[in-house]
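Chemist: only geometry, no sequence info:
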């Protein structure tokens, strides 16, 4: 959303995470974990940091690469941990493995206002990791990401290269690690094992869930749905409410096009497109596929999406299919909806889509909407919901 104080918003989201995670007084108070490395002793050059077990070597991934884990739940309050030393220890650990390919697993659970490093520290940390560290990092898995992570992405977007961004994979479920790593070697913190996986049953972003739900109830037969504009000031007001984590009652605005514009804007302003940068070139190739095979090709492309992207896309396309079924009233056929949503679902990693790209992008989106049942019926995710 435009004109956002991301630093303030990040703090709000982190506080919301704390409220969800703090289930007992014991969890609110940091208790140093027992030493898990029997070889660690007071003569270790970074004993003051290493003793907490925040950074650990955790075996190898499925490709035989060394795995380094970073567990936020093991970070003590900031006044008990020198974050400069933490950064030095992280580099000290990685220096032993960066000459070869390696993988990092970041367990986000447990990061709180009490123990989080400053944004300045995070910026310094990213800049400290020069090409020597980034070149052989083959994958960074972020486990249990929250809105706080998404906001950080916006803050650091000017610093993060597209090449590095492609190495980042978000995992909502611990079980997803089994596809990539030797799970039993990870030594996952008990705090992480005890929690419910983030977003389980809540895979759909609130802004999408609320706009779709409202439009389904009151907008399916509105002529020109998604084609009409709404008051710019009203849209800014609603965006501000969402950014502050507050509830939105669309009845207050007396304009069905407000939630429609909010939904389009949400998709357009995602850090990465819902259909991902990786799918862009594949989607452009849809026009070169024989007409009778295009639906099958669409299905192949979206089957390769990350789990979360797939679930959210399925939810959205299911709703757009409903809208198209009411086109006799709303005048919004699958083709009309594709013209509106095509460029909001996918765009190139650099620059903007060319005019020649609009035809395949819109065709792909139209096929998704028209053949929703055929394309999406065979892949169902745990906790998945439909509009």
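Modeler: Perfect, thanks for sending it. It should be emphasised that the depicted structure is a prediction, and the values quoted were computed from it without experimental measurement.

Chemist: List the contacts of the residue lying closest to residue 228 once chain neighbours are set aside.
Modeler: Excluding the flanking residues, the one nearest residue 228 by C-beta to C-beta, 6 or more residues apart in numbering is residue 257, at 4.5 Å. The way it works is simple: take the backbone N, C-alpha and C, and place the C-beta from them, glycine included. Counting by C-beta atoms under 8 Å, 6 or more residues apart in numbering, residue 257 touches 225, 228-230.

Chemist: rerun at 7 Å
Modeler: 228-230 (C-beta atoms under 7 Å, 6 or more residues apart in numbering).

Chemist: swap in residue 169?
Modeler: Contacts of residue 169 (C-beta under 7 Å, 6+ apart): 139, 141.

Chemist: Please name the bridge partners of it.
Modeler: residue 141 (DSSP bridges).

Chemist: All further residue positions should be reported with the first residue as 8.
Modeler: That works, and once the first residue is 8, the last one we named lands at residue 176.

Chemist: And it, how far from residue 310?
Modeler: 17 Å (C-beta to C-beta, to the nearest Å).

Chemist: Just the buried ones from the contacts of residue 264?
Modeler: With burial judged by 16 or more other C-beta atoms under 10 Å, the buried subset of these is residue 237.

Chemist: And stretch 231-238, end to end?
Modeler: Start and end residues of stretch 231-238 are separated by 16 Å (C-alpha to C-alpha, to the nearest Å).

Chemist: Contacts for it next, please.
Modeler: Against stretch 231-238 from outside (C-beta under 7 Å, 6+ apart): 226, 262, 264-265, 267-268, 271, 330, 337-339, 344, 347.

Chemist: can you rerun that using 8 Å?
Modeler: By C-beta under 8 Å, 6+ apart, stretch 231-238 touches 222, 226, 262-265, 267-268, 271, 330, 337-339, 343-344, 347-348.

Chemist: Selection in PyMOL covering whichever of those are buried, please.
Modeler: Only the buried entries of the contacts of stretch 231-238 go into this PyMOL selection, using 16+ other C-beta under 10 Å:
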select buried, resi 222+226+263+264+265+267+268+271+330+337+339+343+344+347+348
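
Chemist: By mean pLDDT, which helix or strand of the protein comes out lowest?
Modeler: The helix or strand of the chain with the poorest confidence is helix 32-35; it has a mean of 39 (mean pLDDT, DSSP states H and E).

Chemist: sorry, back to before: got the contacts of residue 264 as JSON lines, with secondary structure columns?
Modeler: Shown next, in JSON lines, are the contacts of residue 264 (DSSP: H, G, I helix; E, B strand; the rest coil):
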{"residue": "235", "secondary structure": "coil"}
{"residue": "236", "secondary structure": "coil"}
{"residue": "237", "secondary structure": "coil"}
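
Chemist: quick revisit: next, the residue nearest to residue 235: phi, psi?
Modeler: phi -80, psi -10 (degrees, to the nearest 10).

Chemist: Model confidence at it, what's the number?
Modeler: What the model reports as pLDDT for residue 264 is 96.

Chemist: For the longest helix along the chain, list every residue counted as buried.
Modeler: Ranked by number of residues, the top helix in the chain under DSSP state H is helix 314-332. Neighbour counts over helix 314-332 (16+ other C-beta under 10 Å) mark 314-331 as buried.

Chemist: Which of the three states applies to the residue of the chain most remote from its centre?
Modeler: The centre of the chain is farthest from one residue, residue 50, which by C-alpha atoms, centre = their mean lies 40.6 Å away. Counting by three-state DSSP, the backbone at residue 50 sits in coil.

Chemist: before we move on, back to that, and the contacts of residue 264, which is closest to residue 155?
Modeler: residue 237 (29.1 Å; C-beta to C-beta).

Chemist: Any stretches of this structure with poor pLDDT?
Modeler: Counting by pLDDT under 70, the chain contains low-confidence residues at 8-47, 164-166, 200-209, 251-252, 385-394.

Chemist: domains in it, as residue ranges please.
Modeler: Per automatic domain parsing, the structural domains of the chain span 13-201, 213-383.

Chemist: Next, the contact list for the nearest residue to residue 365 once chain neighbours are set aside, please.
Modeler: Leaving aside its chain neighbours, residue 365 sits nearest to residue 349 (7.0 Å; criterion: C-beta to C-beta, 6+ apart). With contact set as C-beta under 8 Å, 6+ apart, residue 349 has these partners: 365, 368-369, 371-372.

Chemist: With residue 297 instead?
Modeler: If you count contacts by C-beta under 8 Å, 6+ apart, residue 297 has none.

Chemist: Please report how far it lies from residue 309.
Modeler: Residue 297 is 19 Å from residue 309, by C-beta to C-beta.

Chemist: next one: residue 225
Modeler: From residue 225 to residue 309 the distance is 29 Å (C-beta to C-beta).

Chemist: Compare these two and say which one has the larger neighbour count.
Modeler: Neighbours per residue (other C-beta atoms under 10 Å) separate residue 225 from residue 309, with residue 309 holding more: 22 against 13.

Chemist: Hmm, that one is touching residue 379, no?
Modeler: No. With contact defined as C-beta atoms under 8 Å, residue 309 does not count as touching residue 379 (11.0 Å).

Chemist: Name the nearest residue to residue 91, sequence neighbours excluded.
Modeler: residue 128 is the one closest to residue 91 (C-beta to C-beta, 6+ apart), at 8.0 Å.
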